[in-house]
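Engineer: The sequence isn't on hand, but the structure is:
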């Protein structure tokens, strides 16, 4: 199924970039003076194949999963925080809830691999999707994190989440609609310990030493950082992931939510929806998606450059330039939310500004 | 009058920064993980002296003026574009109109020194303020751009614009109110040729050679750039502006809209309103305001780093770090608009996120 779907990912039409630039050059501003906003407008018209894209319907997918590697002492927070934070997302108290509301986006929270059973009795927000594949990954320092089947399933689950929304998923919080179209996707993650698999994925796919892509995550001390680096090295040595095979890398050193995010990203490319990727974990998912189908990267917008040191290596590998540099390292989709608003602004520039002719403004001497 | 008002500018209370950081550290996220958003929240609580600032009422002041220095062939666009763009602002077709609407801000457009008389017959938007001081500055390559009295008046006019809004200025576009409070200010400019006085101001106040602070503005060729540099050098040589005296610099090599923006900035500091400065021209105005009262800089938020090369020198001189790096060089307040939305988000983080205790989330190990 996965392979069939991926065949639908098409390269962007370079002519649309040119046509959009011509239109931008007729608007009442010096040519090119809106810099990266103009680049974003071109990319989004090419992705959507719409002359006048409107990014009204924004959906941020925040996927959760736990990690067996936490047993190696790689995280500053206890494992149960993943579960607790999912409840926080559902109640609307987390950073991503605040920032998504700020930009008018819907948050879809899905459990792909939280280590305990969630007790959702009353999800008034209708944000939550139960897509549990397993109760956390295995400790990849001792063997594969998950089976190949589970790796494929996590990617397919991400695709399914997008398809369910497209097919008329749950109403957004503030505007009741029968059908919820998605104009732009944001990716986000929650999973105590998940910078560790992300560092492993980055080291393998980008061929960079583990030390260079491993940071302090939520804020570990020197000893835990040493543990983290040695656990990742051990995991790569034992599992021997094949850098050219995204599914193999995912199954050996990945995580359920990371696979899910790779699926979200691939689904964006399949359905011609721009995907704004968040920080380091979303970046690792983008690497997996890119390994599976390299064209995918043309559908991606990098939101920000995380404090987590491996993230800039990922962005360089994918040839993406982040929109924001705010020293963020929270995840959840928080950076994606802020960048989605800027992407939306870029489309409004294209579609709402007056031309030199309409406004009666003289052009360049 | 100016000196009396400036006495009201007070340093920020460092205790408020600490108190706000403590509150941020209790929210459900790793400490410091929202990076610059946390810094912004601290600065804004200290500026406003409000525990829970809400940046609902956003006003961007876009000031217009013409420049005699254009006679030296320093700009790519003809002088009449200043006037034409003011009409475009009033009709709502310019970049700043689109971006201000996107973030929910009001735009106040004022003529401080446009070279011709504006014929405003029907300003339905009620955006326009006629504050003309003179019909463009004189060519500062041949003598002072304006008189000392006009320099003071331009600064006072900027202050007046803020005060008029605070006293119940015109209704914002989309919410009818009798009294329009200002929670945050954005600065913007329109003036063909105004990167030239801005480069002169920057060179003088920052003590940097003219070549290092002079760029291509709206897109001039090599020959015009040479003209521009030599005109600025001549202007500084003839006028001998006193780097320590903002009014002297403004009168000799400045512009009416630049003086007006300095007044807006000072008024922000006087009334404890955060001021988001736009690009190079707003930066030059900030330098003038800083020279007049150095404490002012604590009230400033740098929105972006312009392509115009002098801008980064200004930001360094003021010790400000821009929020965005989007290769913008349009002015009008466009960069300020995008950054205002991020400043607003930072306050929502502080006021809307759940604490560890409320959400039942475990803290660090």
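Structural biologist: Alright, I've got the coordinates. Owing to the predicted nature of the structure, the values given are computational and were not obtained by experimental measurement.

Engineer: just checking, residue A:224 touches residue A:74?
Structural biologist: Yes: checked against CB atoms under 8 Å, the pair residue A:224 and residue A:74 is within contact range at 6.4 Å. Every C-beta, even on glycine, is put in place using the N, C-alpha and C of the backbone.

Engineer: Which residue ranges of chain A form helices?
Structural biologist: A:2-6, A:14-25, A:35-48, A:81-91, A:95-103, A:148-166, A:195-206, A:222-239, A:246-253, A:256-270, A:280-292, A:310-318, A:334-352, A:356-359 (DSSP state H).

Engineer: between these, which one is nearest to residue B:354?
Structural biologist: helix A:81-91 (5.9 Å; CB to CB).

Engineer: The closest one to helix A:95-103, inter-axis angle?
Structural biologist: 30 degrees (axes from the mean of the first three to the mean of the last three CA atoms, to 10 degrees).

Engineer: And helix A:81-91, what does it pack against?
Structural biologist: strand A:58-65, strand A:105-113, strand A:128-130, strand A:184-190, helix B:356-359 (3 or more CB pairs under 8 Å, 6 or more residues apart in numbering or on different chains; DSSP states H and E).

Engineer: Can you say which of these is nearest to residue A:43?
Structural biologist: strand A:184-190 (11.4 Å).

Engineer: What pairs with that closest one, parallel or antiparallel?
Structural biologist: Its sheet considered, strand A:184-190 pairs with strand A:58-65 (parallel), strand A:275-277 (parallel) by DSSP bridges.

Engineer: Just put those in a markdown table and tack on mean neighbour count and mean pLDDT.
Structural biologist: Below are these laid out as a markdown table (neighbours: other CB atoms under 10 Å in any protein chain shown; pLDDT from 0 to 100):
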| stretch | mean neighbour count | mean pLDDT |
| --- | --- | --- |
| strand A:58-65 | 30 | 98 |
| strand A:275-277 | 30 | 98 |
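
Engineer: closest one to residue B:24 among those strands?
Structural biologist: strand A:58-65 (20.9 Å).

Engineer: Give me the number of neighbouring residues for the residue in the stretch 151-300 of chain A positioned nearest to chain B.
Structural biologist: Among all residues of the stretch 151-300 of chain A, residue A:218 sits closest to chain B, at 3.9 Å; criterion: CB to the nearest CB. Residues lying near residue A:218 (other CB atoms under 10 Å in any protein chain shown) number 21.

Engineer: Could you do residue A:193 as well?
Structural biologist: Residue A:193, neighbours per other CB under 10 Å, totals 30.

Engineer: Tell me the confidence at it?
Structural biologist: Listed pLDDT for residue A:193 reads 97.

Engineer: And it, how far from residue B:31?
Structural biologist: 18 Å (CB to CB, to the nearest Å).

Engineer: how about stretch A:16-31: buried residues?
Structural biologist: Within stretch A:16-31, the residues that qualify as buried are A:16, A:17, A:20, A:21, A:23, A:24, A:27, A:28, A:29, A:30, A:31, counting by 16 or more other CB atoms under 10 Å in any protein chain shown.

Engineer: How about stretch A:80-100?
Structural biologist: Those would be A:81-100, for stretch A:80-100 by 16+ other CB under 10 Å.

Engineer: Let's see the distance spanning that stretch from one end to the other.
Structural biologist: 24 Å (CA to CA, to the nearest Å).

Engineer: again with stretch A:88-101
Structural biologist: 15 Å.

Engineer: Enumerate the residues of the stretch 101-250 of chain A near chain B.
Structural biologist: With the criterion set to CB under 8 Å from any CB of the partner chain, the stretch 101-250 of chain A comes near chain B through A:101, A:102, A:218, A:219.

Engineer: hmm, try it at 10 Å
Structural biologist: Remark: the part of the stretch 101-250 of chain A in contact with chain B comprises A:101, A:102, A:103, A:192, A:216, A:217, A:218, A:219, A:220, A:224, using CB under 10 Å from any CB of the partner chain.

Engineer: and the least confident of the residues you listed?
Structural biologist: Lowest confidence among these: residue A:218, with 86.

Engineer: show me the contacts for that residue.
Structural biologist: By CB atoms under 10 Å, 6 or more residues apart in numbering or on different chains, the residues touching residue A:218 are A:75-77, A:81, A:192-193, A:195, A:308, A:329-331, B:29-31, B:33, B:364-365.

Engineer: What's the PyMOL syntax to select whichever of these are buried?
Structural biologist: To isolate the buried ones among those in PyMOL, judged by 16+ other CB under 10 Å, type:
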select buried, (chain A and resi 75+76+77+81+192+193+195+308+329+330+331) or (chain B and resi 29+30+31+33)
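
Engineer: what sits against the residue nearest to residue A:254 when sequence neighbours are not counted?
Structural biologist: Spatially, and ignoring its direct neighbours in sequence, residue A:254 is nearest to residue A:197 (5.2 Å; CB to CB, 6 or more residues apart in numbering or on different chains). When contacts are counted by CB under 10 Å, 6+ apart, residue A:197 touches A:65, A:67-69, A:74, A:137, A:140, A:145, A:191, A:232, A:235, A:249-250, A:252-259, A:281, A:284.

Engineer: residues contacting residue A:337?
Structural biologist: A:58, A:60, A:95-105, A:107, A:186, A:188, A:276, A:278, A:303, B:345.

Engineer: OK, contacts around the closest residue to the residue of the stretch 151-300 of chain A closest to chain B other than its chain neighbours?
Structural biologist: Spatial nearest neighbour of residue A:218, excluding adjacent residues (CB to CB, 6+ apart): residue B:30 at 3.9 Å. Going by CB under 10 Å, 6+ apart, residue B:30 touches A:76, A:77, A:81, A:216, A:217, A:218, A:219, A:329, A:330, A:331, B:363, B:364.

Engineer: Export these as a markdown table, with columns for distance to residue A:318.
Structural biologist: As requested, the contacts of residue B:30 are exported to a markdown table (distance: CB to CB, whole Å):
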| residue | distance to residue A:318 |
| --- | --- |
| A:76 | 28 |
| A:77 | 28 |
| A:81 | 29 |
| A:216 | 23 |
| A:217 | 21 |
| A:218 | 24 |
| A:219 | 27 |
| A:329 | 19 |
| A:330 | 21 |
| A:331 | 18 |
| B:363 | 35 |
| B:364 | 32 |
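
Engineer: and of those residues, the nearest to residue B:351?
Structural biologist: residue A:330 (17.0 Å).

Engineer: My read is that that closest one contacts residue A:338, right?
Structural biologist: No: using CB atoms under 10 Å, residue A:330 is not in contact with residue A:338; the gap is 11.3 Å.

Engineer: residues bridging contact with these two, i.e. touching both?
Structural biologist: With CB under 10 Å, 6+ apart as the test, residue A:330 and residue A:338 both reach A:99, A:278, B:37.

Engineer: re the thing from before, ranking by neighbours, what's the top pick from the residues of the stretch 101-250 of chain A next to chain B?
Structural biologist: Top of those by neighbour count (other CB under 10 Å): residue A:192, with 29 neighbours.
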